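> Dropping the sequence and predicted coords here.
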Amino acid sequence: MEPRGPEPARRRRRVLLPALALLVWVALAGVGGSTIGALSGLQQNNSAAWLPEDAESAHVLRAVEQIRGSDTASVAVVAERGSGITPQDRAFLSQVLRSAAGTGGFGDDVLGPLRSADGAAIVGGLGVVPDDTMPSEVARLRVALDSGAPPGLSVHIGGEAGVVADFTSAIAGIDGMLLVVAGCVVMVILVVVYRSPLLPLAVLLSAVGALASSSLVVYWLADNGIVTIDAQSQGIMFILVFGAATDYALLLVARYREELALTPDGFRAMRRAWRATIAPVAASGGTVILGLLCMLLSQLQSNRSLGPIAAIGIVGSLLATMTFLPAMLLPLGRRVFWPRVPQVLPGPAAPSVPGAAGEIVAAEHPRWWRLARSVRDHPRRYTAGALIVLFALAAFAPQFRAGGVPQSEVFLREVDSKAAQRIIGDHFPAGAAAPAIIITDDDEVPETTAAARRVDGVAAVRTVATAGGQTEIDAVLADPPDSDSALDTVGRLRDAVHAVPGADAAVGGMSAVQVDVRATSVRDRTVIIPVVLAVVLLVLILLLRSLAAPVMLILTVVLSFASALGASALVFNHLLDFPGSDPAMPLFGFVFLVALGIDYNIFLMTRVREESARDGTVAGVPRALAVTGGVITSAGVVLAATFASLSVIPLLFLAQISFIVAFGVLLDTIVVRSLLVPALALQIGDRIWWPGAPGRRPKGTTVGIRGPGS
């Protein structure tokens, strides 16, 4: 007689394993939950902190610190009155600046106030230590200015410190904001997908657990100086974790539901679903991780740190989905799918044989089966249609402007530093708020000063300080310090002072930092993109045991990226009228879209290989598309929606990366993975597995898909 149920030891394991996993994850969430909000306190959002050590502007920063005894950032306070500045206005600004000097992080020296030639504005300046307290020091100065300003006087704070303070204000509450927005977006989509109130909560809790565990690791690394975190990397990590954890959960839950229709034993159904899901999920997650780790080749600290930070998020998503989520689902059993509770199918469909679950999915999703049959019957038509759409969009990719954006334009709302720069540009040499800094040998100060004065675009030159055989010289530029004209002037200024014999001169400052950041971003782009392609191609070759299929997938994903870039150029240039994009934007978009785009193709092609092992590729492709179509499309929509959540933060970079990735993921999911890849695979046939083959299983070991009307 067969036993009626599991053995006592097995029954205990079935209870203890989920309970132990739940306890571990609850503990991780409890400890790591507090670090989600604490990450903001470790951010370094000053672009100077991202510079490579050998950058000329980084050398100047170190020299200035030695000359002055400490590193400082400029604070420019500008006041404007349309009818003309009064003596009371000037006295007020002077009094506020002198009261702030020497307190907190402010330096002792006060510049000005200086009156403009037209008499309508005055500007004064202070130095401030560029550490974590700088934004709060600027905020303290703003309070003093706003509370005591004479009626009719418009007062604003600009300069390097003003920009950083406004940036910090713009991202304030980024952790809570993204959690709420991304959580709500994911919850709504999951309710629509599952039509259940319970299952989305379990998936959302697993995503929160993934975020807590990832944040705990990243916090420890950042706190110990191993990685540098900024607003961009924190926001991207949050979104990646939510999107990836939900995507992996969709795949696991879909297979779990299929298996529940094949067996009354919930634990056995989960075990089968877990085994069927772990390979494609681990392969896709590993591909994303390796692609992200290629960012370690960047010379910019911000980019170099983003790779491991985002990769840690993907690891957390994988672990939470494959351990925490099953531990939550098992005690709930079939009830978690309420009100659409899966029932065990009677008759011949119920026996557990590989591929039988695919038959059930096809029956539940006849639309995908009809699409799969249509692609099978007309592969050339679908190939041509998809390529026309993709190439039409890709044709606009060269119009994508990635030459850099003025710092005052990185905000999508009006900020104080932007208003300050506008007033300075109207009444003073536009670069007065943040002059270029020249470091030269003491003996060559006259020659260096003379060379700087001869440079077109330099409005004024003055000696600031001398120490240790080196002298600091300020060169006020005629253009706003973050403008393209100012950056061009920095190039000419460097050429001029480098030519002074024996001066060993170098040029730094706010404008020079931007020059070096842009140059390094371009270098990173040319180095990292080929490496990402090579790494992803190698992973695909190992996974699919083929050369033809990986090359085809790489080409389709690259075309998808070019199309997304072209669509973004149209939207950014003509619809939203953005001033341009950061030089690193194409690199970020490429890494995310190639890694994530390959993600979905891995899910599809691993199932194609599984289905092709029975009846060949031509029969296996439509079966695989029908089985995976709904869940992968849902995963793409979730990831696109979570990335779109980044647009709630009023920063140009995050708004642009959110659109590029969201649009690119949808394009890749709907057009490339659903139409182009299956159509190409059908036309290539079994040769797509060259030089190998998908393998053959005896007929009858796989039930396969028998869709309506098949």
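Ah, there it is.
> Mind checking the pLDDT average for the host helix or strand of Ile157?
Using DSSP states H and E, Ile157 sits in strand 154-158. What strand 154-158 shows for mean pLDDT is 92.
> For that strand, buried residues please.
Val155, His156, Ile157, Gly158 (16 or more other CB atoms under 10 Å). (Glycine included, C-beta is placed from N, CA and C.)
> I'd assumed Val75 was in contact with the third one.
Meaning Ile157. Yes: applying CB atoms under 8 Å, one finds Ile157 in contact with Val75, separated by 6.4 Å.
> if we can go back for a sec, format the buried residues of strand 154-158 as CSV; extra columns: distance to Met187.
Below are the buried residues of strand 154-158 laid out as CSV (distance: CB to CB, whole Å):
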residue, distance to Met187
Val155, 45
His156, 41
Ile157, 40
Gly158, 42
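> ok so, going back, ok, then the element right after the strand holding Ile157?
helix 159-170.
> What are the contacting residues of that next one?
45-46, 73-76, 125, 128, 130, 134-135, 137-139, 156-157, 231, 407-408, 410-411, 413, 415-418, 420, 433-434, 510, 649-651 (CB atoms under 8 Å, 6 or more residues apart in numbering).
> how far off strand 154-158 does that helix point, in degrees?
Using axes from the mean of the first three to the mean of the last three CA atoms, to 10 degrees, the direction of helix 159-170 lies 90 degrees away from that of strand 154-158.
> Pull out the CA atoms of helix 159-170 and give them to me as PDB.
What follows is helix 159-170, C-alpha atoms only, in PDB (Å, rounded to 0.1, in the frame of the first residue of the first chain):
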ATOM      1  CA  GLY A 159      28.300  79.200  -7.200                       C
ATOM      2  CA  GLU A 160      29.400  75.600  -6.700                       C
ATOM      3  CA  ALA A 161      28.000  75.400  -3.200                       C
ATOM      4  CA  GLY A 162      24.700  76.800  -4.300                       C
ATOM      5  CA  VAL A 163      24.300  74.200  -7.100                       C
ATOM      6  CA  VAL A 164      25.200  71.300  -4.800                       C
ATOM      7  CA  ALA A 165      22.700  72.600  -2.200                       C
ATOM      8  CA  ASP A 166      19.900  72.900  -4.700                       C
ATOM      9  CA  PHE A 167      20.800  69.400  -6.000                       C
ATOM     10  CA  THR A 168      20.600  68.000  -2.400                       C
ATOM     11  CA  SER A 169      17.200  69.700  -2.000                       C
ATOM     12  CA  ALA A 170      15.900  68.300  -5.300                       C
END
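> how about it: buried residues?
Here helix 159-170 shows Gly159, Glu160, Ala161, Gly162, Val163, Val164, Ala165, Asp166, Phe167, Thr168, Ser169, Ala170 as buried, counting by 16+ other CB under 10 Å.
> which among the residues you listed gets closest to Val608?
Nearest to Val608 among these, counting by CB to CB, is Ala170 at 45.4 Å.
> Tell me the spacing between that closest one and Cys184.
Applying CB to CB, to the nearest Å, the value for Ala170 to Cys184 is 21 Å.
> residue ranges with poor pLDDT in the stretch 101-250 of the chain?
Counting by pLDDT under 70, the ranges of the stretch 101-250 of the chain that qualify are 173-175.
> can you check the chain too?
If you take pLDDT under 70 as the line, the chain has these spans: 1-6, 9, 45-49, 69-71, 173-175, 345-365, 694-710.
> Domain boundaries for it, per the record?
Domain segmentation of the chain under automatic domain parsing yields 17-45+172-352, 53-170, 366-407+543-710, 435-508.
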